[in-house]
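1. have a look at this fold, sequence not included:
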């Protein structure tokens, strides 16, 4: 069972280097909607183990990566496929809506 683990500015390269798509949540401790999304992402990590990796990055503690991906609101989730961002979800949504967005992005042909 896969768990959601943290990445930082210093370790973010592992997100870009993986063969498996990676969903990264940009979050902060003060963000209420981020706390709502956390359990949903943990479920997705467990249910899609082997086909999707889920990571989180504290936007306040890692401003470099946050700026690089122009994250302006929290939570922001970015799906990386082949090291490139392919889908961005801004805000807290129900699991079904997040899954729908992920499924569409993951089944789209690679550029």
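-> Happy to help now that I have it. Remember, it's a predicted structure, so these values are computed and weren't measured experimentally.
2. what's the following helix or strand after the longest helix along the chain?
-> When the chain is parsed with DSSP state H, its longest helix is helix 32-47. Sequence-wise, the next helix or strand downstream of helix 32-47 (DSSP states H and E) is strand 53-58.
3. just checking, what packs against that following strand?
-> Applying 3 or more C-beta pairs under 8 Å, 6 or more residues apart in numbering; DSSP states H and E, we find strand 53-58 packed against strand 5-6, strand 22-27, helix 32-47. Just so you know, the C-beta spots here come from the backbone N, C-alpha and C atoms, and that holds for glycine as well.
4. shaky segments in this structure?
-> Scanning the chain for pLDDT under 70 picks out 1, 110-111.
5. so who does the residue positioned nearest the centre of it touch?
-> The centroid of the chain falls nearest to residue 24 when counting by C-alpha atoms, centre = their mean (2.0 Å). By C-beta atoms under 8 Å, 6 or more residues apart in numbering, residue 24 lies in contact with 7, 15, 54-57, 77-80.
6. need the buried ones from the residues you listed selected in ChimeraX.
-> Buried residues among the contacts of residue 24 (16 or more other C-beta atoms under 10 Å), as a ChimeraX selection:
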select :7,15,54,55,56,57,77,78,79,80
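7. for the contacts of residue 24, which one is nearest residue 33?
-> residue 77 (11.3 Å; C-beta to C-beta).
8. before we move on, the earlier item: so which of the helices and strands packed on strand 53-58 is nearest residue 94?
-> helix 32-47 (7.6 Å).
9. can you get me a residue count around residue 19?
-> The number of residues packed near residue 19 is 8, by other C-beta atoms under 10 Å.
10. and it, how far is that from residue 54?
-> 15 Å (C-beta to C-beta, to the nearest Å).
11. return the most buried member of the helices and strands packed on strand 53-58.
-> strand 22-27 (a mean of 24; mean count of other C-beta atoms under 10 Å).
12. got JSON lines for the helices and strands packed on strand 53-58, with distance to residue 65 too?
-> Listed next are the helices and strands packed on strand 53-58 as JSON lines, based on distance: least, C-beta to C-beta, whole Å:
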{"stretch": "strand 5-6", "distance to residue 65": "12"}
{"stretch": "strand 22-27", "distance to residue 65": "8"}
{"stretch": "helix 32-47", "distance to residue 65": "16"}
